[in-house]
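K.L.:
Please work out how this folds:
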Amino acid sequence: MGTKNLKFNSKTIHGGQQPDEAYGAVMPPIYQTSTYAQSTPGGHKGYAYSRSANPTRTALENSLASIENGEFGLAFASGLAAIDAVMKLLSPGDEVLATNDIYGGSYRLFKRVFENYGIVFHFVDMENPERITEHINTKTKLLWLETPTNPMMNIVDIKAVAQIAKKHQLLVAVDNTFATPYLQLPLDLGADIIMHSATKYLGGHSDVVVGALVVKDKALADRLYFIQNASGAVCGPMDSFLVLRGIKTLHVRMQRHCENGKAIAEYLAKHPKIDKVYWPGFENHPNHSVAKTQMKDFGGMISFVPKGGDYQTSIKMVERLNIFTLAESLGGVESLVGHPASMSHSGIPKEERVKAGVVDALIRLSVGIEDQADLIADLEQAIQ
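P.N.:
The predicted structure is shown next:
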């Protein structure tokens, strides 16, 4: 049977996949080759040079398209390489509206690379979609969304934003790294492009760096494939294999990430030494109702601020953690802790960070799949 109509949990394992034609291998082989024999000039079996296409990468790209309910997947050397490809759809003078609370690497790429080529970026509070229309003009070409946002866990109504974009003939791209397709499917809500840092939850084991795009429209896919091949920021076959392997357990890992995330968010919210906790599963979260509508669950990403906390208080706290590893990145099976102001978001000017809520005392957790009791005990000793 075909894999297109499978339920999500089955798609992670079988979606877009077939046994290898050569020997029937269940897992796609690692085609560790740069080039392919041709019977005559241009006469090959679909692969000529591995920058343009590689069978292992094709298997990953087919899987990505399947789990996001898309038609076309593209795999890149990193999440930023994938974003770079989207920005190359634009021309000098074009304008982009992006969420004001955004990953520091995205901000750096937008402001310090693409603004040099005449593309203008506006960072907008998109929690209320109506605010977006105030910033749209004839030069606006793209809306760039994160939801949940990094690191404030704000929720953007993808469907409402997509309706605004359609009215103004704009593209909508959604960074779906935090949610993953297990929790939300932006293409089904009207988005045009999905981006992933597949390094995170899709790979899931902190052992690979890969980026991804997924789209439905063939004309848009063709433009992106051209950029992917022409610019060459592709991932290798071994990296493709590792993300494919990670995707096969995405559904069971995400279920545990969500369970543990809920337990830890509730623990922090009740703690007398914690001031604020940011997690979209709380009923008092500003866009909780939107999160309930467009997400299956609320994920394992949490940010919080210690009571009366300052920079030094938070630094000491993250240094005292043992099971939570102080490290960049997120989405692995192990729990990680980060200090956005000095780590993931240090490239954003302080006044811009603070305006979006990323204060010096803010701590971000990527809750892994360990035992809840061990994670809570680790947080308790660090807080005390």
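
K.L.:
For the protein, which helix or strand comes out least confident on mean pLDDT?
P.N.:
Sorted by mean pLDDT, DSSP states H and E, the helices and strands of the chain end with helix 350-355, the least confident at a mean of 88.

K.L.:
Packing partners of that helix?
P.N.:
With contacts defined as 3 or more Cβ pairs under 8 Å, 6 or more residues apart in numbering; DSSP states H and E, there are no secondary structure elements packing on helix 350-355. Any C-beta I mention is one placed from the backbone N, CA and C, and that applies to glycine too.

K.L.:
and that helix, how far from the chain's centre?
P.N.:
22 Å (Cα atoms, centre = their mean, to the nearest Å).

K.L.:
Quick check: buried residues in that helix?
P.N.:
Arg353 (16 or more other Cβ atoms under 10 Å).

K.L.:
So what touches it?
P.N.:
Contacts to helix 350-355, defined as Cβ atoms under 8 Å, 6 or more residues apart in numbering, come from residues 100, 107, 123, 340-341, 345, 359.

K.L.:
Can you tell me the centre-most residue of the chain?
P.N.:
Thr177 (1.6 Å; Cα atoms, centre = their mean).

K.L.:
Verify the assumption that that one is located in a strand.
P.N.:
No: per DSSP: H, G, I helix; E, B strand; the rest coil, Thr177 lies outside any strand segment and is coil.

K.L.:
Show me how the record splits this protein into domains.
P.N.:
Listed domain ranges for the chain are 8-247, 251-383 (source: automatic domain parsing).

K.L.:
now, among the contacts of helix 350-355, which is nearest to Phe226?
P.N.:
Proximity of those to Phe226 (Cβ to Cβ) peaks at Tyr107, which lies at 26.5 Å.

K.L.:
Neighbours of the closest one, how many?
P.N.:
When neighbours are defined as other Cβ atoms under 10 Å, Tyr107 has 21 of them.

K.L.:
Roughly how far does the residue nearest to the centre of the chain sit from Ile164?
P.N.:
Computed as Cβ to Cβ, to the nearest Å, the Thr177 to Ile164 distance reads 23 Å.

K.L.:
what's the answer for Ala327, then?
P.N.:
38 Å.

K.L.:
Which single helix of the chain contains the most residues?
P.N.:
If you go by DSSP state H, the chain has its longest helix at helix 250-270.

K.L.:
Put the alpha carbons of that one into PDB.
P.N.:
The C-alpha atoms that make up helix 250-270 are tabulated as PDB, following Å, rounded to 0.1, in the frame of the first residue of the first chain:
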ATOM      1  CA  LEU A 250      10.000  11.100  16.700                       C
ATOM      2  CA  HIS A 251       6.400  10.300  17.800                       C
ATOM      3  CA  VAL A 252       7.400   8.300  20.900                       C
ATOM      4  CA  ARG A 253      10.100  10.800  21.900                       C
ATOM      5  CA  MET A 254       7.800  13.800  21.500                       C
ATOM      6  CA  GLN A 255       5.100  12.100  23.600                       C
ATOM      7  CA  ARG A 256       7.700  11.800  26.500                       C
ATOM      8  CA  HIS A 257       9.100  15.300  25.900                       C
ATOM      9  CA  CYS A 258       5.500  16.700  26.300                       C
ATOM     10  CA  GLU A 259       4.800  14.600  29.400                       C
ATOM     11  CA  ASN A 260       8.000  15.700  31.100                       C
ATOM     12  CA  GLY A 261       7.600  19.300  29.900                       C
ATOM     13  CA  LYS A 262       4.200  19.500  31.500                       C
ATOM     14  CA  ALA A 263       5.400  18.100  34.800                       C
ATOM     15  CA  ILE A 264       8.400  20.500  35.000                       C
ATOM     16  CA  ALA A 265       6.400  23.600  33.900                       C
ATOM     17  CA  GLU A 266       3.800  22.900  36.600                       C
ATOM     18  CA  TYR A 267       6.600  22.400  39.200                       C
ATOM     19  CA  LEU A 268       8.300  25.600  38.300                       C
ATOM     20  CA  ALA A 269       5.000  27.600  38.300                       C
ATOM     21  CA  LYS A 270       4.400  26.500  41.900                       C
END
